[in-house]
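*Asks:* Predicted coordinates and the sequence they were generated for:
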Amino acid sequence: MKAVILAAGIGKRLKPLTDTTPKCLIEINGRALINYYIELLNSKGIHEIAVVIGHLGDSIKQGIKTRPKDITFIYNPDYTLGNVTSLYAAREFMQGECLLMDADVYFEPDVLGRLINSQQKNCFLLDAAVQPTGEEMMLGAVKKRAIAISRNPQGKFDLTGEGVGFVRLGAASAKNLISLAKEFIDSGKTNSEYEECLQELIKKDYFGYEVITGLKWTEIDFPEDIKKAQRLFKED
């Protein structure tokens, strides 16, 4: 299994911090997010890792403590656009089964473990305890199948919850997702989020999910999220 970490964005909601510090190098209790990801992936047997970079890309290269030969860096020249462009930039690396990961989440190891150990070939992580504010990327599921992913999913669902920002893809679905990203870009939808491609993909490909309600995790989008993460993981 490979892992693709999307770390190209400018982190505009964290400015002015992200003017000089890439989002993935923000430290939570002394650990940069990206280094935590890589260490944890390695500990779970995943060593083929690509990091898609753009904003302050050289800083990310320098900030990663793992030996450079263990990491594939993919530069996205269109990083100021939607992150669908970062997904497409990783198209050659995304051959076979892979994890697709946002670079701005801090989480306890069991969160990633649930995804890696899942029996679902295509799989999301779902936290059913989250109360949506309009910022969260929400999942809607029916009969244990994920059928909607958006900030405001419409329809009747057996279960809803926030998606963690990580998704596991079987080889066929990884290929299909890249094809969808190309369609978006070719049609001028370059400001799209890659979750919009996932929304199209789950209409055709079966995606399950693992419930991680009760496990600790948080997305780092705003300055207060950094403080929240420091508190949440204070004892780790």
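*Replies:* Arrived safely, thanks for sending.
*Asks:* where are the low-confidence patches of this structure?
*Replies:* 67-68, 235-236 (pLDDT under 70).
*Asks:* now whatever helix or strand Arg114 lives in, how far from the centre of its chain.
*Replies:* Taking DSSP states H and E as the criterion, Arg114 maps to helix 109-116. Chain-centre distance of helix 109-116: 13 Å, with C-alpha atoms, centre = their mean, to the nearest Å.
*Asks:* Give the buried residues for that helix.
*Replies:* For helix 109-116, burial by neighbour count (16 or more other C-beta atoms under 10 Å) applies to Val111, Leu112, Gly113, Arg114, Leu115, Ile116. From N, CA and C alone the C-beta is placed, and that goes for glycine too.
*Asks:* Next up, the contacts around the last one.
*Replies:* This points to Ile116. With contact set as C-beta atoms under 8 Å, 6 or more residues apart in numbering, Ile116 has these partners: Met1, Lys44, Ile46, Leu99, Arg168.
*Asks:* Can you flag the buried ones in the residues you listed?
*Replies:* Neighbour-count burial (16+ other C-beta under 10 Å) applied to the contacts of Ile116 gives Lys44, Ile46, Leu99, Arg168.
*Asks:* So the last one belongs to a strand, correct?
*Replies:* The reference is to Arg168. Yes. The assignment for Arg168 is a strand, going by DSSP: H, G, I helix; E, B strand; the rest coil.
*Asks:* Now do the same contact list for it.
*Replies:* Glu97, Cys98, Leu99, Leu115, Ile116, Ser118, Gln120, Lys121, Asn122, Cys123, Phe124 are the contacts of Arg168 under C-beta under 8 Å, 6+ apart.
*Asks:* Ile212 now?
*Replies:* By C-beta under 8 Å, 6+ apart, Ile212 lies in contact with Asp110, Val111, Arg114, Leu125, Leu126, Asp127, Val164.
*Asks:* what are the phi and psi values for it?
*Replies:* Note on Ile212: its backbone torsions stand at phi -120, psi 20 [degrees, to the nearest 10].
*Asks:* Tell me how far it lies from Leu159.
*Replies:* 13 Å (C-beta to C-beta, to the nearest Å).
*Asks:* Mutual contacts of those two, please.
*Replies:* Joint contacts of Ile212 and Leu159 (C-beta under 8 Å, 6+ apart) are Leu126.
*Asks:* circling back to that earlier point, next secondary structure after the helix holding Arg114?
*Replies:* Next along from helix 109-116, by DSSP H and E: strand 123-127.
*Asks:* quick one, that next one and helix 109-116 angle?
*Replies:* Using axes from the mean of the first three to the mean of the last three C-alpha atoms, to 10 degrees, the inter-axis angle of strand 123-127 relative to helix 109-116 is 140 degrees.
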